[in-house]
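>>> take a look and give me a structure for this.
(one chain, ligands or ions: 2)
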Amino acid sequence: MNTASRADVTAVILVAAGSGQRLGYGMPKAKVPLGGDSILTHALRGVAAAGIARQICVAIPPGDPELRAQCEAFEAELQAEHRRTAGSGEGVQLPAVTVVDGGSSRAESVRAALSALLPGMQAVLVHDAARALAPEAVFHRVAAALAAGAVAVIPVMPVVDTIKTVDPSLGADADIAPEVVTGTAPREMLRAVQTPQGFDLATLRRAHEAAAEYDNAREAAVTDDAMLVEQLGVPVYAVRGASQSLKITTPLDLILAEGLLEGPLGARWVEG
Ligand code: CTP
Ligand code: MG
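Ligands and ions are numbered 1, 2, ... in the order given. The predicted model follows:
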C-alpha cells in the first residue's frame, strides 16, 4: 500500500500539553511565540503540510482556552485553504482536528489522544509539538516505512558527541570531581531519537495499556513511545530524521528555531 492510500487510515497525535519548565517562559511551551506564531501553530502547519493523516489529535494543557482556540483557528485556516484549492487538484489531504485535555505526563497525554481517535484509524504518528519545525520529508519517511509494513518506526540522527556512561550511585572521590566515568558507548551504534514516531495503532494502544499501570518513577522514565513498543518485543525500525526537527527545550533551542525560520541560513538550508 502506498503512503497516499494510507492517509485515510492514519492519525497524527500532537502532544502539546507540557508546561515548558526548561524553556522558562512562564507559559505552556505550545503558546510560546516563534517567528510571529505560536510553537503549536507551527507544529500544526507542519503536520498538515505533510498530508499524511485523516485526523490530527492535539493534547493541550487541560482546559486551556487559548490553545483550544488556536487549534480551532488552524482548522478553519485549513478548511478555507481547502475551499480555495478545491477542484484544482492541488489540495492536500484535509485532516479533522480534534483537541483533548492532556495528562500530567507525556505518556498520559498520548493515552488521552489515543482514546479520541476516529474509528477506522489503523496507523498513528505521535509527534512532539515542541519539534515544531520537523520537515515534511521526515513525516513522509515515517509514513512510507509504515506503509511498507513496519509496526513501529522512529526518525533518528547520528550522535555527534562522544557519549560516556557514569553510575551516579557509585560516587566519585568528592575531593576530585562529582562523578567518575564507567565506560564509553560505541558511537557508531548510538542514535538520537526524534518524532514523529509511527506505529500500527493497535500495537501502540496495547503498549500504552501496559504502561498505564506504571508507578510514578517508572512513568517518568518513559521518554518516548517506541520504548513502550520495544517492551512488547516488536521490532522498531529507524529512518533518517532531520536537524530541523530539534526539540525546543531550552532558550538556546528557541534561538536556533528562530534562526532556522528567519536567519541567513534559511535560503541555504537543504537538508530534507
Ligand atoms: N507533553 C505533553 N504532556 C505532558 C508533558 C509533555 O503533551 N504532560 C508534550 C510537550 O508539550 C512536548 C512533548 O511532550 O511537545 C515533549 O515534552 P518536553 O519537551 O519535555 O516539553 P515540556 O514537558 O513542556 O517541557 P519541560 O519538560 O521543560 O517542562
Ligand atoms: Mg517535559
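>>> for this protein, which helix or strand comes out least confident on mean pLDDT?
helix 3-6 (a mean of 63; mean pLDDT, DSSP states H and E).
>>> strand partners (parallel or antiparallel) of the following helix or strand past it?
Tracing the chain C-terminally past helix 3-6 and defining elements by DSSP states H and E, one meets strand 10-15 next. Sheet pairing for strand 10-15, assigned by DSSP bridges, gives strand 55-60 (parallel), strand 123-128 (parallel).
>>> G18: which of those strands is closest?
Judged by C-beta to C-beta, the one of the strands paired with strand 10-15 that comes nearest to G18 is strand 123-128, at 8.5 Å. To be clear about C-beta, it is placed using only N, CA and C from the backbone, and glycine gets the same treatment.
>>> and the next element down the chain from the closest one?
helix 136-147.
>>> so how far is the helix or strand following that next one off the chain centroid?
Using DSSP H and E, the helix or strand that follows helix 136-147 towards the C-terminus is strand 152-158. Centre-to-centre, strand 152-158 and its host chain are 12 Å apart (C-alpha atoms, centre = their mean, to the nearest Å).
>>> now for strand 152-158, which elements pack on it?
Applying 3 or more C-beta pairs under 8 Å, 6 or more residues apart in numbering; DSSP states H and E, we find strand 152-158 packed against helix 136-147, strand 191-193, strand 197-200, helix 225-230, strand 237-240.
>>> need these in a markdown table with mean neighbour count, can you?
Formatted as a markdown table, the helices and strands packed on strand 152-158 follow (neighbours: other C-beta atoms under 10 Å):
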| stretch | mean neighbour count |
| --- | --- |
| helix 136-147 | 21 |
| strand 191-193 | 15 |
| strand 197-200 | 26 |
| helix 225-230 | 22 |
| strand 237-240 | 16 |
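>>> those: which one's closest to ligand 1?
Among the helices and strands packed on strand 152-158, the nearest to ligand 1 by C-beta to the nearest ligand atom is helix 225-230 (10.6 Å).
>>> which elements pack onto the closest one?
The contact analysis (3+ C-beta pairs under 8 Å, 6+ apart) places helix 225-230 against helix 106-114, strand 152-158, strand 197-200, helix 201-211.
>>> hmm, try it at 6 Å
On a contact count with 3 or more C-beta pairs under 6 Å, 6 or more residues apart in numbering; DSSP states H and E, helix 225-230 meets strand 152-158, helix 201-211.
>>> tell me the pLDDT of D173.
Per-residue confidence (pLDDT) for D173: 81.
>>> may I see the strands paired with strand 10-15 organised as JSON lines, with distance to A17 added?
Converted to JSON lines, the strands paired with strand 10-15 look like this (distance: least, C-beta to C-beta, whole Å):
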{"stretch": "strand 55-60", "distance to A17": "5"}
{"stretch": "strand 123-128", "distance to A17": "11"}
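>>> make CSV from these and add mean neighbour count, distance to ligand 1 and mean pLDDT to it.
Output for the strands paired with strand 10-15, formatted as CSV (neighbours: other C-beta atoms under 10 Å; distance: least, C-beta to the nearest ligand atom, whole Å; pLDDT from 0 to 100):
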stretch, mean neighbour count, distance to ligand 1, mean pLDDT
strand 55-60, 27, 5, 98
strand 123-128, 27, 4, 98
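>>> mind checking which of the ones you listed is nearest T10?
Set against T10 and scored by C-beta to C-beta, the strands paired with strand 10-15 come closest in strand 123-128, at 4.5 Å.
>>> list of residues touching that closest one?
Residues outside strand 123-128 that contact it (C-beta atoms under 6 Å, 6 or more residues apart in numbering) are 10-15, 110, 142, 146, 195-199, 201, 204, 225, 247.
>>> good, we can wrap up now.
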